[in-house]
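J.: Fold the following, please.
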Amino acid sequence: MTDKKITGLSRRTLLGGLGAIGVASAGAGLGTTAFFSDEEGFTDNTIEAGAVELRMDWQQSYYMGLEGQDPEDHTTWEPVNAYPDLDGDDRQDPIYTRFQLEEDPTLVGLPANADEDAIEEAYRGQFASFEDTDGSGNHEFVGPVIDLDDVKPGDRGEITISKHVFDNPAYLWLNASGFEHTVGELNDPKREALVERYAEELGEEFTDDDVIALAEAEAQLAKEIEATLWYDDDCDNFFDEGSDVCIQFVVDNTDSMGSSAPTGSVTEYKDKLLIEALETYVDRLDTGNGAESSDGDTAPFSVGLTNWTTTADTVLLPTSDVNDVVGTDGGSYNDSTGLQTIDYQDEIQGGTDLPNAIQAGADALAECSEDDERVMVLITNGINVDTSQFLAAASDNLRSEGGEVDRYLIVGFGTPPNSVDVLEEISTLPGNHRFMLVLDTDIDAAINGPTDPNTDPITSVAEEIGFTAGGEQPIFEGSLYDLLTESPNVTSDGFLDDYVVDGIAGGYPLDSDRNREGRQCYPNSDTRCIALEWHLPYEVGNEIQGDSVVFDLDFYAEQCRHNDGTYNPFADETISPA
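T.: Modelled structure (predicted):
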């Protein structure tokens, strides 16, 4: 298996081209292209290298100040293009999950009796591959993605790109290359504006070529365009600056979730483990994991609990008062206050009514403030869960569908292999949803993370949700010129000292989860987004008429297994520790 280095990478994935930004009716340009890299294998032998495939989908929109358009609300902007978009209306078509296609292959034009391979090809075919026609009937995409002309000061544009890694988890890199700035034709308004701008450099005698040379050297259009690049965690095309977080734990307490009790009731023992884990979690929120003193308040987080057996029972609505969870006496299991007073129901023998549990948790989240981010943490082993009912209930309860949930975090608590695939499907729903798998008796580690440094690392609820409600993570804020020409200064081990960088030229190491320590791989068959927004300020004048900017956005995927992410393909070097 060999890595394709940037110097020898074939441009078989074209994701964009020339666009335009201008003043008056003269065009100037803004454009983007992209390509990917795969791992290569020796297919004629008996051993084949593991594959990595990177596909994408996107939605682009444009603000031009028309009646009804709000510069702060992308939903009012004009759609420019999208993928997939079979009907050509510039709005992204619905993207179906594997299970939806298994139930009805005709959704993407397959016969009703389509086999598993055809369904998988069709599922992947919903995303741009740039190499050949795909199973959904779409043709190979040929750019441009950004292709705008007659753009005027005050206009804005935004594109959200969703990245899908298939076959194996992968490290991803993002790079800017191919930057070109071209000066438009010197009509009278443009010449006058440029002569005034460069009066000192030009002196008394000069030619049009002298004026153009100065304008080309400055690349003013790219420097005037304001750009923001960020991790769009919920893939909603908006930069979310952060809000309070309302968390409802929804916990499976059916018989298949049994724990080995040293003495006494198994049900009571499970309840004890859960309560102790929640108490530890709430204490960490209260004290900022030791970074600040306790004040009895978990804000900006609120925490609640729904427990289900024969029926779902919300035993605690979301609260930021620590005493509501741990009790006034410090939170021992036998205290007379807090969660310990709850009379848990008897266990159900067989069957898991997950849809009703999700509905009960969503009803509890309805008590949260409208402005809060509403997160449901669902802890279950996934046994006896019907995939279609699970996904339908989860989808129906999303706020985007009229429900109450913004984000799901599914904790597979001792989930058997045949149930993992069911729960992992949560990541296929629109938004920033996660699945994590933990040991069958280690509920405290699931919620709070392992305390033993020698323990195999697992993702914890605390890491996934984060200790601050700081909003989405910007990668870059500044001029388009700096974004495309400045280095991110990767200093050691393929990591960054700060996620906000001076630019992405030379390679930016993307991180799938900034809440966890160290750089994280992008999971197989998951959905993660980045977004780019640009704005040409009103103050820009005639000097940029007809100017154009063209650039490439390059993506590179490298299989995580047997790699550590330190190889930068865009610098063709391995980053050594500082």
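
J.: contacts, neighbours, all on C-alpha from now
T.: Noted.

J.: So what's the residue count around the closest residue to residue 181 other than its chain neighbours?
T.: Spatially, and ignoring its direct neighbours in sequence, residue 181 is nearest to residue 549 (4.7 Å; CA to CA, 6 or more residues apart in numbering). A total of 25 residues lie near residue 549 under the criterion other CA atoms under 10 Å.

J.: before we move on, what about the one 5 residues further on?
T.: Close neighbours of residue 554, defined as other CA under 10 Å, add up to 25.

J.: secondary structure class for it?
T.: Assigned state for residue 554: strand (three-state reduction, DSSP: H, G, I helix; E, B strand; the rest coil).

J.: separation between it and residue 508?
T.: For residue 554, the distance to residue 508 (CA to CA, to the nearest Å) stands at 10 Å.

J.: How about residue 385?
T.: The spacing between residue 385 and residue 508, counted by CA to CA, is 40 Å.

J.: Between the two, which is the more surrounded one?
T.: Neighbour tally, residue 385 and residue 508, criterion other CA under 10 Å: the higher count belongs to residue 508, 26 against 18.

J.: Find the nearest non-adjacent residue to the more buried one, please.
T.: Beyond its immediate neighbours in the sequence, the residue positioned closest to residue 508 (CA to CA, 6+ apart) is residue 174, lying 5.0 Å away.

J.: Let me see the contact set for the one you found.
T.: Residues near residue 174 by CA atoms under 8 Å, 6 or more residues apart in numbering: 504, 507-510, 553-556.

J.: got TSV for the residues you listed, with pLDDT too?
T.: As requested, the contacts of residue 174 are arranged in TSV below (pLDDT from 0 to 100):
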residue	pLDDT
504	92
507	89
508	90
509	91
510	91
553	81
554	82
555	83
556	85
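
J.: Lowest mean pLDDT among the helices and strands of the chain, which one is it?
T.: Across the helices and strands of the chain, mean confidence by mean pLDDT, DSSP states H and E is lowest for strand 29-33: a mean of 36.

J.: about what we covered before: so what sits against both of residue 554 and residue 508?
T.: Taking CA under 8 Å, 6+ apart as the contact criterion, the common neighbours of residue 554 and residue 508 are 173-175.

J.: ok, back up a step: under a three-state scheme, what state does the residue nearest to residue 508 occupy?
T.: strand.

J.: gap between it and residue 275?
T.: The separation that residue 174 has from residue 275, given CA to CA, amounts to 43 Å.

J.: cool, and residue 251?
T.: Here residue 251 is placed at a distance of 11 Å from residue 275 (CA to CA).

J.: Pick out whichever of these two has more residues nearby.
T.: Under the neighbour definition other CA under 10 Å, residue 251 and residue 275 were set side by side, and residue 251 has more, 28 against 23.

J.: List the contacts of that one.
T.: Contacts here follow CA under 8 Å, 6+ apart; on that basis residue 251 touches 305-308, 378-380.

J.: rewinding a little: now render the shared contacts of residue 554 and residue 508 as a markdown table, adding pLDDT and distance to residue 220.
T.: Supplementary listing: the shared contacts of residue 554 and residue 508 in a markdown table, determined by pLDDT from 0 to 100; distance: CA to CA, whole Å:
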| residue | pLDDT | distance to residue 220 |
| --- | --- | --- |
| 173 | 88 | 28 |
| 174 | 89 | 24 |
| 175 | 88 | 22 |
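
J.: Break the chain down into its domains, please.
T.: 6-240+471-574, 245-465 (automatic domain parsing).

J.: Tally up the residues packed near the closest residue to residue 76 other than its chain neighbours, please.
T.: Distances taken as CA to CA, 6+ apart place residue 69 nearest to residue 76, at 5.0 Å, with adjacent residues excluded. Taking other CA under 10 Å as the criterion, the count of residues near residue 69 is 16.

J.: if I look at residue 69, how far off is residue 205?
T.: Using CA to CA, one gets 47 Å for the distance from residue 69 to residue 205.

J.: for residue 371, same thing?
T.: For residue 371, the distance to residue 205 equals 62 Å [CA to CA].

J.: Would you mind telling me which of these two has the busier surroundings?
T.: Regarding residue 371 and residue 205, a neighbour count based on other CA under 10 Å identifies residue 371 as having more, with 11 against 6.

J.: So the more buried one, which state does it fall into?
T.: Recorded secondary structure, residue 371: coil (three-state DSSP).

J.: Flag every buried residue along stretch 201-212.
T.: Of all the residues in stretch 201-212, those buried under the rule 16 or more other CA atoms under 10 Å are 211-212.

J.: Name the surrounding residues that touch that stretch.
T.: Stretch 201-212 is contacted from outside by 183, 186, 191, 194-195, 198, using CA under 8 Å, 6+ apart.

J.: By neighbour count, which of those residues wins?
T.: Neighbour counts for the contacts of stretch 201-212, by other CA under 10 Å, peak at residue 183, which reaches 24 neighbours.

J.: nearest spatial neighbour of that residue, skipping sequence neighbours?
T.: Leaving aside its sequence neighbours, residue 183 sits nearest to residue 547 (CA to CA, 6+ apart; 4.4 Å).

J.: what sits against the residue lying closest to residue 53 once chain neighbours are set aside?
T.: When the adjacent residues along the chain are set aside, residue 53 lies closest to residue 166, with 5.0 Å between them (CA to CA, 6+ apart). Remark: with contacts taken as CA under 8 Å, 6+ apart, residue 166 is in contact with 52-55, 524-525.

J.: Now residue 166, what are its backbone angles?
T.: phi -120, psi 150 (degrees, to the nearest 10).

J.: Need the pLDDT of it.
T.: On pLDDT, residue 166 comes in at 85.

J.: List the beta-bridge partners for residue 54.
T.: Beta-bridge partners of residue 54, counted by DSSP bridges, are residue 165.

J.: Isn't it up against residue 557?
T.: Yes - using CA atoms under 8 Å as the test, residue 54 is close enough to residue 557 to be in contact (6.8 Å).
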